[in-house]
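Asks: What follows is a predicted protein model with its sequence.
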Amino acid sequence: MKTAYINDIAYTFEPGETMLSFVRRHKDDNLVPTLCDAPNLDPFGACRVCSVEVALEEGGPVKTMASCHTPVSEGQYIYTSTASVQKLRKNIIELVLTDHPLDCLTCEVNGNCELQTVAAQVGIRDVRYPAGDNHLHKTKDLSHPYMTSDFSKCINCYRCVRACDEVQGEFVLSMAGRGFDAHIIKGLDQSFMDSDCVSCGACSQACPTSAISDVFQSKAIQATETTRTVCTYCGVGCNLDVATNSGEILSITAPYDAEVNQGHTCLKGRFAFKFYDHPERLDSPMIKRNGEFEKVSWDEAYSYITDKFNHYKDTYGPDSMAGISSSRCTNEENYLMQKFFRAVLQTNNIDGCARVCHSPTALGMQRTFGTGAATNSIEDLQFTNCIMVIGANPTDAHPVTGAKLKQFSMKQDNVTIVIDPRRTEIARYADHHLALRPGTNVAVLNMMMYYIIDEGLVDESFIKNRTEGYEDFIKELMAIDIDKLEAVSGVPREQVRAAAIAYATAPNAMSFHGLGVTEHSQGTFTVMQIADLAMLTGNIGRRGVGVNPLRGQNNVQGSADMGVQPHQGAG
Amino acid sequence: MSENLSELLGRKGLQENLFDKLGNLAQPAGTPDEEALALLADEFLIGKANTYGTATFYDFLKPENKGKQVYVCNGTACECAGTQPGVIKELKKQFTDDQIGHMCCLGRCHENSAFHYKGHNYSGAAIDALDKIVSGDGEHHGDRYNVAASHDAILTADFTDVDTYYEPWLAVLAQDSADVLEEIKTSNVRGRGGAGFPMGLKLEFCRNAEGPVKFIICNADEGDPGAYSDRYLLEEQPHSVLFGMLVSGYVTGANHGILYIRAEYPEAVEIVQQAIDALKDRGLVGSNIGNSGFDFEFKIIQAQGSYICGEETALINSIEGQRPEVRVRPPYPAQRGLFNRPTVVNNVETLAALHYIISEGGEAWKAIGTDKSSGTKLVCLDSYFNKPGMYEVVMGTPMKTVIKDLGGGFKEAVKAVQIGGPLGGVVPVEKLGDLTLDFESFKEHGFLLGHASVVSIPEDYPMIKYIEHLFDFASYESCGKCFPCRLGTKRGHELASKAIQGRETIDRELFQDLLTTLEQGSLCAHGGGIPLPIRNIVQHFDDELKNYFS
């Protein structure tokens, strides 16, 4: 381990670690103040408030350096709080305050403003500069149903611009002009409403002041309680912090320490919570009588249910009844539901919403791999070189994972293959887009496997040690009629061949599939082909390789695991 | 600045370049229209905010440039010479106020009265023939300056012919590139752009960086008011620059050379393109040059008016079509530069040195000049000298020799000179005798050699006005990324303006705090460098300034 010194005391540092991270890891988070730094963004070096003094020997001559983007070197002496750097920080904040409204008491982020905190920390008491040019006249943008901005509060830290780029990958925000006139813009200097903003809220969460916020004023501190929970929309599983006051939801933010979403979420997770306290929600059981629903007591409702179930069971037998459980429910609820049908009503007629989405995935992967679940964490994207996205539009359907896939696909050295009739957002950035006719996944995947074998790109050792039935498989596969498949799928064979070679030659390749695969009569077989493609090229069983269904609802895996399916019980 | 944008903008390669396209779209209206910016964004898979944000950064792309017909130089030398109010008065006879813009600077510091009209620069007496210039008959470009060397000419030596000049290039292709690099390292040639970093080391870093695609960039964004030595090399010695880039490419394994040339130097763009074409005709560039297996191609990128693009990471962003904001280091360009690929950025004059080093050997270059500052340096003298011009001077030559023997002394009473551009030191004339022309001597005396341009401040030019001018320049050209520079240069300008107007004296402690904040806090040498000349002025001209301070 390498050693450097913080205020003359030795500590160990990681290779490549920045001075800021080094200091924060060993000392108080607030020892070195920052404004343009954010936990989920790359170092940027704009505010310079994180400056520290650095010497090559104890008490030696010092240089001032911005700690957020300067790596630590062996034996360095970092001084975090000398009179000189404290004065520098104070003088920088004084400059910031020459162009910032001093209306803290009525500002929505009062008490939760990073500028306010840092100004207090560096001890600003007055602004010595005479009044000069400023941006205090900027007006608020209230055009959008969720997003708001008030650029009179903007300190030009670029955190919103970087969040839109590095987290969401949307590029809606940038700076325009230069120098003192540089200012944040949305699109072609439009309003939030007229811009291409996707309302993910990453910018507003990143903003250290109230320059960008939202209609729920999520950064305000009126809440009496914050509860960590998991989003109930899609299968990504974002962690959310829900701020409440007397049980009423005020706002939702994405915690930075959540492994799945690292401070990010989508517009549904962040903003679509008004249903929770909505007056039209049911607040008691109801029974339909004479064509109208009537509110009843729980006792009455249960006795009504018991009577009906007993009646049908006695009259028509247990199999006359069926239950459908929801993947939005918890494991406990799903377990009880199937248990009730199987143990009490004595029927296997229990199923869930996976029937119309990913049950072909479960079955297809069980047949090929032995179990029906994604083989990777999303974190594995950091360890792969190639992604194949088939029958899925993740930037719309799984926005947080979609954003990560988009980040991956923007990089020149990464390979992205999209198999989809639509020019999805990921397809715009993909190296290979096989825009097949709807319903012809099997044809295209067969062609891909054909070319992989034909080009001699099969992972022979994987086939030999880890698979069975290969001889029969190859015999069938090599007998396919490429002319016919090309005509059926509408994808030129050269395009398929190029994509096949790219997938097979990538050191590590991962696939992602969605309902465009499973919601076909041949869905199960398509999933098996995707699995075969992985096995053929040895892309299964390591970090950064594998097969990943992008499942629909938040607990669809759990509902299947709990036995909400007719052919298989819990566990 | 943005890793993603660098990746996306690199996808189409150099020939399909966003920045080029923005420049083309700005013609003839003076600024690209919004619909075109939206279409470009779609083409490059980036945001509309990105194309708009880039376009609004540059003097010659921004919406305010719409309808501009003629541009007046507002560089320091023209400002000190006091010629420009007269030029503007003349121009107003032919153009409306809205049609007159500014350029900083046109590199005509030797004769001033500089302006730009329809892709050509004019200076000296040209303004007297404005009628003819506007009506299109008669060439009145002006631009006469002395060129001489203090010893045997190297950078300013007469050009022979292309075939003879490139014989050493063919010889290089037959050598091991590691040996060629050793020769450059032996010469100890240091960057002429201002920082003085050893060129050999820079090339070595890039050579050692992994990657199939690498770039050599020639920084021909000579923005320092007072400097026109790069313009001289580009216009009069273009092959010396191209030669240097070819050798740099061979040594690092880079196959692409980009010349980033200022929009203010339109003649240089034409001349360099002709020189590249001459090399193409002879097969000295292209694929498999001289059957060596080495490929190299050139591309000229014309800048669009921004001083900060002379900073190498801003320049890289500019070529990509991003906003030219300064990047943090690391990563250094040699590791991750243009389109996130290993890149070397060298100044025009640095590259021009390689022909001598390759032909005569590294030891020969090293033997010239001082121990630490080897070789010769080009020095530009402005119109206050009896013999204004561009001189090649051996490093270590006393400044007195430069001023008196080469420049012929001053025409009029001058109280100080600013050497090395707007970020260079302001040297009172009586201190000139202490200096020799090399990196070390300037540093030792609290100045900066920089690009070694010399701008004279006449006796009657108020120093408070000079401070205001420097802050105005620094503020106008700040990229706006880091807080100290964006805000500090603006507040500095306001303090000086208010003092001049007699509205408010400058608080000495606040002023010192501001300079220290800029110096210690700024991200790059722009904000970090502007305090140097101002401190020099405050130190050496206290008597003149004291009424403005409290």
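Replies: Now that the structure is in, tell me what you want to look at.

Asks: can we go C-alpha only for contacts and neighbour counts from here?
Replies: Fine.

Asks: Endpoint to endpoint, stretch A:431-447 covers what distance?
Replies: Terminal residues of stretch A:431-447 lie 18 Å apart, using C-alpha to C-alpha, to the nearest Å.

Asks: anything in it near chain B?
Replies: No. Judged by C-alpha under 8 Å from any C-alpha of the partner chain, stretch A:431-447 stays clear of chain B, getting no closer than 10.5 Å.

Asks: cool, stretch A:393-402 as well?
Replies: No. Stretch A:393-402 stays clear of chain B (C-alpha under 8 Å from any C-alpha), getting no nearer than 15.2 Å.

Asks: Ends of stretch A:226-245, what's the gap?
Replies: Termini of stretch A:226-245 sit 9 Å apart (C-alpha to C-alpha).

Asks: any idea of the mean pLDDT in that stretch?
Replies: Averaged over stretch A:226-245, pLDDT sits at 95.

Asks: just stretch A:522-529 next, same as before
Replies: 97.

Asks: Could you export that stretch as PDB, keeping only the C-alpha atoms?
Replies: Provided in PDB are the C-alpha atoms of stretch A:522-529 (Å, rounded to 0.1, in the frame of the first residue of the first chain):
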ATOM      1  CA  GLN A 522     -41.900 -19.000 -30.400                       C
ATOM      2  CA  GLY A 523     -40.700 -16.900 -27.500                       C
ATOM      3  CA  THR A 524     -39.400 -19.800 -25.400                       C
ATOM      4  CA  PHE A 525     -37.300 -21.100 -28.400                       C
ATOM      5  CA  THR A 526     -35.900 -17.600 -29.000                       C
ATOM      6  CA  VAL A 527     -34.700 -17.400 -25.500                       C
ATOM      7  CA  MET A 528     -33.100 -20.800 -25.900                       C
ATOM      8  CA  GLN A 529     -31.400 -19.500 -29.000                       C
END
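
Asks: quick one: contacts of it?
Replies: Stretch A:522-529 is contacted from outside by A:360-361, A:363-365, A:367-368, A:441-442, A:445-446, A:517-518, using C-alpha atoms under 8 Å, 6 or more residues apart in numbering or on different chains.

Asks: which parts of it are buried?
Replies: A:Gly523, A:Thr524, A:Phe525, A:Thr526, A:Val527, A:Met528, A:Gln529 (16 or more other C-alpha atoms under 10 Å in any protein chain shown).

Asks: rewinding a little: nearest to B:Trp169, of the contacts of stretch A:522-529?
Replies: The closest of the contacts of stretch A:522-529 to B:Trp169 turns out to be A:Leu445 (C-alpha to C-alpha; 52.5 Å).

Asks: pretty sure the closest one is in a strand, no?
Replies: No. Counting by DSSP: H, G, I helix; E, B strand; the rest coil, A:Leu445 falls outside a strand, being helix.

Asks: Reduced to three states, what does the nearest residue to it once chain neighbours are set aside come out as?
Replies: Using C-alpha to C-alpha, 6 or more residues apart in numbering or on different chains and skipping the chain neighbours, the partner closest in space to A:Leu445 is A:Gln529 (6.6 Å). Secondary structure, three-state DSSP: A:Gln529 is helix.

Asks: So which residues of the stretch 1-150 of chain A form helices?
Replies: Secondary structure of the stretch 1-150 of chain A (DSSP state H, counting those that start in this stretch): helices at A:19-26, A:83-97, A:114-122.

Asks: want to throw the ones you listed into TSV with mean pLDDT?
Replies: Formatted as TSV, those follow (pLDDT from 0 to 100):
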stretch	mean pLDDT
helix A:19-26	97
helix A:83-97	98
helix A:114-122	97
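
Asks: hang on, the earlier thing: among the contacts of stretch A:522-529, name the ones in helices.
Replies: Judged by DSSP state H, the contacts of stretch A:522-529 include A:360-361, A:363-365, A:367-368, A:441-442, A:445-446, A:517-518 as members of helices.

Asks: Looking at those residues, which is nearest A:Asp194?
Replies: Set against A:Asp194, the nearest of these by C-alpha to C-alpha is A:Val517 (34.8 Å).

Asks: any low-confidence regions in chain A?
Replies: For chain A, the stretches with pLDDT under 70 are A:571.

Asks: residue with max distance from the center of it?
Replies: A:Thr315 (50.5 Å; C-alpha atoms, centre = their mean).

Asks: Show residues contacting the host helix or strand of that one.
Replies: A:Thr315 belongs to helix A:298-316 when assigned by DSSP states H and E. For helix A:298-316, the surrounding residues in contact (C-alpha under 8 Å, 6+ apart) are A:Ser284, A:Pro285, A:Met286, A:Ile287, A:Pro318, A:Asp319, A:Ser320, A:Met321, A:Leu345.
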